[in-house]
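A.B. asks: need a 3D model of the sequence below.
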Amino acid sequence: MRKLIPVLLIVIGGGVIAGVAGPIGWHQLQFSLRPKLIDPTEVSGNAAVLAASIISGGADYTNSATWFPIAPARPTAPSKVRYYTLSIPSLNMHDISVEINGTDLRKNPIQYAGTASPGNYGNSVIFGHSTLPQLYKPDNPLSAFNFVPQIKKGAEILINYDGMTYRYVVRETMEVLPTQIEVLAQRYDKYELTLITCVPLGTYLRRFVARAELVN
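C.D. replies: I've put the predicted structure just below:
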């Protein structure tokens, strides 16, 4: 019996490690085999080295300002609305609170400072935290965007902003490095919405991006 206990502990420990590392490793393998969807942005210094330093630098990723550290500072546009809600019916996500000009992702997803308000020309960029699948809790803001990487082209995103409901449809999804700040760009010939979270789930290696356009 005494010999069985260490064996059982090793098996249980191996199972726990496999449960955490397995999904991350599989996601990494899929990404390495997938063609790049966006060319890396040329920024000062070597982008790969910079990305590595960002990943290993111990930054506080509950602060939305650290997600794209090389992005230029954006002015905080005044807004009469501080919060609105986001829903993605296909992912069973309903009435997720989004804060405009906030920074603390421990409280709720954040609309990135200086990006367009929903329903206006430009690109409304929303950051949401995600965590290991094993740590997911429906009402925990730190896992609010856990299901966003499962979103498909054609999926509907509903934004309830200042008493109006705006319907967006996903046009493209991609994964980018923290140095690829072009996903934050504002184009004023379209009404766009961009959702961003970190992948693989539970890491900060890359950003998953879902870009949608207003359809009504």
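
A.B. asks: mind checking the SS state of S117?
C.D. replies: Following DSSP: H, G, I helix; E, B strand; the rest coil, the label given to S117 is coil.

A.B. asks: mind checking how far it is from I126?
C.D. replies: As judged by C-beta to C-beta, to the nearest Å, S117 and I126 stand 12 Å apart. No exception for glycine: its C-beta is placed from N, CA and C like everyone else's.

A.B. asks: so between those two, which is more surrounded?
C.D. replies: Applying other C-beta atoms under 10 Å to S117 and I126 shows that I126 carries more neighbours, namely 27 against 18.

A.B. asks: that one sits in which helix or strand?
C.D. replies: Per DSSP states H and E, I126 falls inside strand 122-127.

A.B. asks: so which residues make contact with that strand?
C.D. replies: Strand 122-127 is contacted from outside by 64, 67, 86, 98, 105, 109-112, 115-118, 159, 183-188, 190-197, using C-beta atoms under 8 Å, 6 or more residues apart in numbering.

A.B. asks: just checking, next helix/strand downstream of the helix-or-strand element of the chain with minimal mean pLDDT?
C.D. replies: Every helix and strand of the chain was ranked by mean pLDDT, DSSP states H and E. The lowest is helix 47-56, at a mean of 39. Note on helix 47-56: by DSSP H and E, the next helix or strand toward the C-terminus is strand 83-88.

A.B. asks: may I have the helix or strand just after that next one as CSV, with CA atoms only?
C.D. replies: Counting by DSSP H and E, the next helix or strand C-terminal to strand 83-88 is strand 93-100. Backbone C-alpha positions of strand 93-100 (Å, rounded to 0.1, in the frame of the first residue of the first chain) are rendered in CSV as follows:
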residue,chain,number,x,y,z
MET,A,93,-22.0,35.8,-23.5
HIS,A,94,-24.7,38.3,-22.4
ASP,A,95,-24.5,41.8,-21.1
ILE,A,96,-20.8,42.0,-20.3
SER,A,97,-20.0,45.3,-18.8
VAL,A,98,-17.4,47.4,-20.6
GLU,A,99,-15.7,50.5,-19.1
ILE,A,100,-14.7,53.4,-21.3
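
A.B. asks: so which elements touch strand 93-100?
C.D. replies: strand 83-88, strand 110-111 (3 or more C-beta pairs under 8 Å, 6 or more residues apart in numbering; DSSP states H and E).

A.B. asks: which other helices and strands does the shortest one contact?
C.D. replies: The contact analysis (3+ C-beta pairs under 8 Å, 6+ apart) places strand 110-111 against strand 93-100, strand 122-127.

A.B. asks: pLDDT below threshold where in the chain?
C.D. replies: 1-59, 69-70, 72-79 (pLDDT under 70).

A.B. asks: what about the helices and strands packed on strand 110-111, which gets the closest to A210?
C.D. replies: Proximity to A210 (C-beta to C-beta) singles out strand 122-127 among those, at 9.7 Å.

A.B. asks: partners of the closest one, with directions?
C.D. replies: Neighbouring strands of strand 122-127 in its sheet, by DSSP bridges, are strand 110-111 (antiparallel), strand 191-199 (parallel).

A.B. asks: after the last one comes which helix or strand?
C.D. replies: Put plainly, it is strand 191-199. Assigned by DSSP H and E, the successor of strand 191-199 is strand 206-214.

A.B. asks: between that following strand and strand 83-88, how big is the angle?
C.D. replies: Here strand 206-214 runs at 90 degrees with respect to strand 83-88, directions being taken by axes from the mean of the first three to the mean of the last three C-alpha atoms, to 10 degrees.
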